[in-house]
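Student: Structure for this input, please:
(4 chains)
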Number of protein chains: 2
Amino acid sequence: MKTVKKIQVAIADDHVLLRTALARLVNSFDGYSVLFEADNGKDIRAKIMQHQVPDVVLLDVNMPEMDGFEATQWLHKNYPHIKVLVLTMLSDERTIIKMFRLGAKGYLLKNAGPEEFKTALDSIVNKDVYLSEYVSNKLVTGLHKDADRDEKPVILNEKEKDFLRWACTELSYKEIAEKMFLSPRTIDDYRQSLFTKLKVHSRVGLVMYAIRNGMVDI
Amino acid sequence: MKTVKKIQVAIADDHVLLRTALARLVNSFDGYSVLFEADNGKDIRAKIMQHQVPDVVLLDVNMPEMDGFEATQWLHKNYPHIKVLVLTMLSDERTIIKMFRLGAKGYLLKNAGPEEFKTALDSIVNKDVYLSEYVSNKLVTGLHKDADRDEKPVILNEKEKDFLRWACTELSYKEIAEKMFLSPRTIDDYRQSLFTKLKVHSRVGLVMYAIRNGMVDI
DNA sequence: AGAAAAAACCCCTTTCAAGGGGTTTTTCTA
DNA sequence: TAGAAAAACCCCTTGAAAGGGGTTTTTTCT
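Tutor: Numbering: from 1, shown residues only, chains lettered A, B, ... in the order given. Coordinates of the predicted model:
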């Protein structure tokens, strides 16, 4: 039916190939058409401000320049009627929760199938939100964790962070002491205090924490 | 022309959505058609052994069960006439070099456009190899760095990978031995052999390697 | 300025990690 | 099927890691 107005979709992902392929997929869906593609958040913002306003935005989380978090926030603030569907490989609870808090309406993992993709688009347009079973489970357990843990958020000072970075090298504690211009005993104290704070009991535990929380360059 | 035999392409990627979208893209190319899709290396191996033999295989590097490295190796050994085109976001020299050493014919980054994708397919079929400008530059600088070190690419067997994953926990080697149903001495051997292979000399070194190479879940 | 807290320092002990030397058992292969 | 290679096992030594107990110095707060 030519007269039915199609849902206009915008796609933002820095992987051109995936983006293009997704665009074709969307265009093949009944009732949807791709309005434009964008490389990152900035790009999408620019195009929308040039009066290319889509109904739905498909967003990756990891993008250069302006990532999915910022983009969602901006969209939600300036164009609240635009529905944001997050499309990513990141399946950790924190990211999911963060995106919904910022205003996302749906969250789709990249290992979803095309049918689920279509379902997500339909839901987001008609029912306002979309949650896959997997994502909703993650959300619930994530909120759970939020409840009991985290009495006080772990706050590390600069020196502790510094020590943590050194702990991720193959230097011995003695050598780290030299690097930090401290006595080995003091390093023992740092270690102990971090063991307590981070609830670990070995150097490997320190390393894993540092990496999980992005405190070291990988 | 209906009589022209199309180039049969297989696609292996654990992200279903991307995979499906890519399949459509390939099917839209003149002279190409998708023979099958696979979730990982094992999957592709099974299908090929069931006499579904493609001309070209599109491979992601990071996959569960059997990753791109192993898959390329197996293909090159057992079906040397199948051309392998690597399609990934990993753009570091080591990965690129490793894949070519293992028998890949082309290396395409996911931020390439569809035209480049088509070019890569054409090149790989007709001219045997495909190198984008970016990748060939990486190769050259990478080989430079490589000149003195790293003759052979590091290949780890399943048990070594297993041990590596355990090494990223807070268990002691003795406890790891129990978990793996091996004597602590054998664990010593694994450790030593990995120290040599990976050119590290501490457990922290093992952990960092495992993480940098995506062998553990973070 | 004086008390309290935090940071840096010191000593000692036990266990773990790492490096070296070997033997037995299994697996591959010529 | 003998012989080589690889995998699993064992012993011993040294230094590092981890946990416990302190003291001194510096900072912070009224």
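
Student: now the helices for chain A?
Tutor: For chain A, the helices defined by DSSP state H occupy A:16-28, A:41-49, A:68-78, A:93-102, A:114-126, A:133-148, A:158-167, A:173-179, A:184-198, A:203-212.

Student: Can you say which of those helices is nearest to DNA strand C?
Tutor: helix A:184-198 (3.1 Å; C-beta to the nearest atom of the strand). Just so you know, the C-beta spots here come from the backbone N, C-alpha and C atoms, and that holds for glycine as well.

Student: how close does the closest residue to A:Asp162 other than its chain neighbours sit to A:Ala167?
Tutor: Leaving aside its sequence neighbours, A:Asp162 sits nearest to A:Met180 (C-beta to C-beta, 6 or more residues apart in numbering or on different chains; 6.7 Å). Applying C-beta to C-beta, to the nearest Å, the value for A:Met180 to A:Ala167 is 11 Å.

Student: Counting neighbours, go ahead and name the busier of the two.
Tutor: Using other C-beta atoms under 10 Å in any protein chain shown, the more surrounded residue of A:Met180 and A:Ala167 is A:Ala167, with 23 against 15.

Student: Close to chain B: what parts of chain A are there?
Tutor: Chain A has residues A:14-18, A:20-22, A:24-25, A:28, A:87, A:89, A:108, A:110-114, A:117, A:167-170, A:200-205, A:207-208, A:211-212, A:218 near chain B, with proximity defined as C-beta under 8 Å from any C-beta of the partner chain.

Student: which of the residues you listed count as buried?
Tutor: A:14-18, A:20-22, A:24-25, A:87, A:89, A:108, A:110-112, A:114, A:117, A:167-169, A:200, A:203-205, A:207-208, A:211 (16 or more other C-beta atoms under 10 Å in any protein chain shown).

Student: Residue in chain A with the shortest distance to chain B?
Tutor: A:Ala21 (3.2 Å; C-beta to the nearest C-beta).

Student: contacting residues for the closest residue to that residue other than its chain neighbours?
Tutor: Spatial nearest neighbour of A:Ala21, chain neighbours left out: B:Ala21 (3.2 Å); criterion: C-beta to C-beta, 6+ apart. Contact analysis of B:Ala21 by C-beta atoms under 8 Å, 6 or more residues apart in numbering or on different chains lists A:18, A:21-22, A:24-25, A:114.

Student: cool, and A:Ile82?
Tutor: Contacts of A:Ile82 by C-beta under 8 Å, 6+ apart are A:48, A:53-57, A:75.

Student: A:Ala10 contacts A:Ala38, correct?
Tutor: Yes. Counting by C-beta atoms under 8 Å, A:Ala10 touches A:Ala38, with 6.6 Å between them.

Student: Now for these two: what residues contact both?
Tutor: Joint contacts of A:Ala10 and A:Ala38 (C-beta under 8 Å, 6+ apart) are A:44, A:47.

Student: what sits against A:Lys161?
Tutor: By C-beta under 8 Å, 6+ apart, the neighbours of A:Lys161 are A:Met215.

Student: do that again at 10 Å, thanks
Tutor: A:Lys161 sits next to A:194, A:210, A:215-216 when contact means C-beta atoms under 10 Å, 6 or more residues apart in numbering or on different chains.

Student: do A:Gly68 as well
Tutor: A:12-13, A:40-41, A:57, A:59-62, A:84, A:86-88, A:90, A:95, A:98-99, A:102, A:104.

Student: Please determine how far the closest residue to A:Ile48 other than its chain neighbours is located from A:Met63.
Tutor: The shortest distance from A:Ile48 to any non-neighbouring residue, by C-beta to C-beta, 6+ apart, is to A:Tyr79 (6.6 Å). Using C-beta to C-beta, we find A:Tyr79 at a distance of 18 Å from A:Met63.

Student: neighbour count winner among these two?
Tutor: The neighbour comparison of A:Tyr79 against A:Met63 (other C-beta under 10 Å) goes to A:Met63, with 24 against 16.

Student: Now for chain A, the helix or strand with the poorest mean pLDDT.
Tutor: helix A:133-148 (a mean of 64; mean pLDDT, DSSP states H and E).

Student: Mutual contacts of A:Met180 and A:Ala167, please.
Tutor: By C-beta under 10 Å, 6+ apart, the residues touching both A:Met180 and A:Ala167 are A:187, A:190.

Student: Close to DNA strand C: what parts of chain A are there?
Tutor: When proximity is defined by C-beta under 7 Å from any atom of the strand, chain A lies next to DNA strand C at A:157, A:159, A:182-183, A:185-186, A:188-189, A:202.
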